[in-house]
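Chemist: need coordinates for the following:
(2 chains)
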2 protein chains.
Amino acid sequence: MSVYPHTKNHEHANSFGVSVYIALLHHPVYNKRKDIVATCITGFDLHDIARSSVTYGVKKYFVVNPLPAQREFAGRIFDFWMDEGSLEFNRTRAEAFRLIAIRADLDEVIKEIEGIEGIKPKIIGTSAKPRGDISFEELRVEIRKAEKPYLILFGTGWGMAEELFLKVDATLPPITGNGEYNHLSVRSAAGIIMDRLLGGK
Amino acid sequence: MSVYPHTKNHEHANSFGVSVYIALLHHPVYNKRKDIVATCITGFDLHDIARSSVTYGVKKYFVVNPLPAQREFAGRIFDFWMDEGSLEFNRTRAEAFRLIAIRADLDEVIKEIEGIEGIKPKIIGTSAKPRGDISFEELRVEIRKAEKPYLILFGTGWGMAEELFLKVDATLPPITGNGEYNHLSVRSAAGIIMDRLLGGK
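Modeler: This next block holds a predicted model:
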C-alpha cells in the first residue's frame, strides 16, 4: 500500500516496460573556472524535474549531493510537500515529489538501482559539449526494446566533471535548437530530453 | 548597433524565415480555486524561458504582468543581468536576457509585434486541458511555410483564463508524456513546446 494514500502511483506509468531513472548530480561538476565543485540544490530543480519525471514515466529521480547540509535542505523541502496539508493543497506536487530520492553519491544510486532491478542500469551521460556517441533517436528506439534499466545523468553548474564520463555507457549530444546557442537550464534540458526519449508520440 | 556589444545578436537565429514571439502571462489566469488572479513573476521563469528562447531562435520573450511592482521587480533582475559585471561573469545569461521585454498586457504585446512586423501575429494558445485544435506537428509544418509572425502564449498559475482563448487563432494540445499526469512546470512546458515546434531536427 502506498505511504501516501492520497496520491496516485505513477510508477511504471511509461508505455514501455523498461525502468528509466534519472539523477541530478551536484558533484563532481565544474564551475565557471573549470574547478571541480559541489553545487547547491535549488528548490526549482526539485519541483520542475520531478514534475517532468512523473509526466514521462521515470521511476525515480535521484538528487545527488555529497554535502549533508544540502541533503538536509532538500529533505526539508521534500517533507514540506509530502505533509498532509500540502497533499490537500496541491496533490500533483506531492505525486511528483514521491519520485525524489536524495542521495550522497552516484555509486550509491547505481547500487540502489541494481538492488531494485537485479541488474546494473545502462548509464547515459548528457553534456552541453559535442561529445555525444548516441543520437536521441537511437536511444529512443533502444529504450523501447531494452530489457535492462536506464539511468540518465544530468550535471549542474558548468557540467559533469570528466571523471563522471568514465562511468557512462553512452553520452547524448547537446540539445541545440536551431542556432549555435547552447545554454539551456538543466530544468529545461531535462524536460526536453525526457520528451525526446520517452514522449508518447 | 547593439546596445550590448559583448553579446552576440541571436535575432533571426532560427533556421526558417518567420518571426516567432512568446509571451508568459501573469494575468488573467486562474488560481487553484478558479478565481481570476494576477500571479507573481519568478526569477526562474525569466532565466529558464529566456535561455530556451535564445536556443530556439525566438525573437522576443514578453513577460506580461499588469502590476507595476511586479514589472519593477522583473526590471531589477533584468538590469542586474545586463550590467557590465554580469556580462563579464556570465555572457550567455545576458544574451538570453536581451530577449526579455516586460509589458503590462497582451494587447500591448500584440500591437508591439504588429509595429515590428507590419502585420498582426497569428496567436497560439497553450493549455494543460485537452482543448487543442492544432497538433504540434501541424503547427511545426505551418510555421516553416508561414509568412506572418507567430505569438505563442503561456499561462502561469492554474492556467490562462477563458477570456484569453477568445484572442487566440489556434490552441495546442496539452503535453502528455506517456501517462495521464499532466502538470509540468511552465518552464519545462515552454522548453518542450519550443523543441517540438522549432527544434532543428
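
Chemist: partner strands of the one helix or strand A:V63 maps to, with direction?
Modeler: Of the helices and strands defined by DSSP states H and E, A:V63 is found in strand A:60-64. If you go by DSSP bridges, strand A:60-64 pairs up with strand A:20-25 (parallel), strand A:100-103 (parallel).

Chemist: tell me which helix or strand comes right after the first one.
Modeler: If I follow you right, that is strand A:20-25. strand A:29-30.

Chemist: packing partners of that next one?
Modeler: strand A:36-37 (3 or more Cβ pairs under 8 Å, 6 or more residues apart in numbering or on different chains; DSSP states H and E). Where C-beta positions appear, they are placed from N, C-alpha and C, glycine not excepted.

Chemist: quick one on the thing from earlier: which one of the strands paired with strand A:60-64 lies nearest to B:P149?
Modeler: strand A:20-25 (36.3 Å; Cβ to Cβ).

Chemist: and the closest one, what's buried?
Modeler: Buried residues in strand A:20-25, counted by 16 or more other Cβ atoms under 10 Å in any protein chain shown: A:V20, A:Y21, A:I22, A:A23, A:L24, A:L25.

Chemist: leaving out chain neighbours, which residue sits closest to the first one?
Modeler: What it means is A:V20. Using Cβ to Cβ, 6 or more residues apart in numbering or on different chains and skipping residues adjacent in sequence, the residue nearest A:V20 is A:Y150, 4.8 Å away.

Chemist: against A:K120, how distant is the one you found?
Modeler: In this view, A:Y150 and A:K120 are 11 Å apart by Cβ to Cβ, to the nearest Å.

Chemist: ok, those two, which is more surrounded?
Modeler: Legend: neighbour count by other Cβ atoms under 10 Å in any protein chain shown for A:Y150 and A:K120, higher for A:Y150 (24 against 14).

Chemist: just checking, what packs against the helix or strand containing A:V141?
Modeler: Secondary structure assigned from DSSP H and E places A:V141 in helix A:136-145. Using 3+ Cβ pairs under 8 Å, 6+ apart as the contact test, the elements touching helix A:136-145 are helix A:186-198.

Chemist: average pLDDT across the helix it packs on?
Modeler: Here helix A:186-198 scores 97 as its mean pLDDT.

Chemist: now the angle from that helix to helix A:136-145?
Modeler: Between helix A:186-198 and helix A:136-145, the angle comes out at 60 degrees (axes from the mean of the first three to the mean of the last three Cα atoms, to 10 degrees).

Chemist: helix A:186-198 close to chain B?
Modeler: Yes. For a cut-off given as Cβ under 8 Å from any Cβ of the partner chain, helix A:186-198 has contacts with chain B, namely A:R187, A:S188, A:A189, A:A190, A:G191, A:I192, A:M194, A:D195, A:R196, A:L198.

Chemist: about what we covered before: contacts for the helix holding A:V141, please.
Modeler: Applying Cβ atoms under 8 Å, 6 or more residues apart in numbering or on different chains, the external contacts of helix A:136-145 come out as A:16, A:18, A:20, A:124, A:134, A:150, A:170, A:172-173, A:193, A:196-198.

Chemist: try 7 Å this time
Modeler: A:F16, A:V18, A:V20, A:I124, A:Y150, A:L172, A:R196, A:L197 (Cβ atoms under 7 Å, 6 or more residues apart in numbering or on different chains).

Chemist: next, the buried residues of stretch A:90-100.
Modeler: Neighbour counts using 16+ other Cβ under 10 Å place A:R93, A:A94, A:E95, A:A96, A:F97, A:R98, A:L99, A:I100 of stretch A:90-100 among the buried residues.

Chemist: can you report how many residues lie near A:T42?
Modeler: Residues near A:T42, counting by other Cβ under 10 Å, number 17.

Chemist: no no, A:E72
Modeler: 12.

Chemist: so it, which of the three states?
Modeler: helix (DSSP: H, G, I helix; E, B strand; the rest coil).

Chemist: which bits of chain A sit near chain B?
Modeler: A:10, A:13-15, A:44, A:47-48, A:51-52, A:54-57, A:92, A:95, A:176-179, A:181-185, A:187-188, A:191-192, A:194-195, A:198-200 (Cβ under 7 Å from any Cβ of the partner chain).

Chemist: which other helices and strands contact the helix or strand bottoming out on mean pLDDT in chain A?
Modeler: When each helix and strand of chain A is scored by mean pLDDT, DSSP states H and E, helix A:84-89 comes last, with a mean of 76. Under the contact criterion of 3 or more Cβ pairs under 7 Å, 6 or more residues apart in numbering or on different chains; DSSP states H and E, helix A:84-89 touches helix A:91-97.

Chemist: low-confidence stretches in chain A?
Modeler: Along chain A, segments meeting pLDDT under 70 span A:1-16, A:201.

Chemist: residue closest to the middle of it?
Modeler: For chain A, the residue nearest the mean C-alpha position is A:I22 (2.9 Å; Cα atoms, centre = their mean).

Chemist: pretty sure that one contacts A:V58?
Modeler: Yes. Using Cβ atoms under 7 Å, A:I22 makes contact with A:V58 at a distance of 5.5 Å.

Chemist: from B:K122, how far out is the residue nearest to A:Y181 when sequence neighbours are not counted?
Modeler: Leaving aside its sequence neighbours, A:Y181 sits nearest to B:V54 (Cβ to Cβ, 6+ apart; 4.6 Å). According to Cβ to Cβ, B:V54 and B:K122 sit 22 Å apart.
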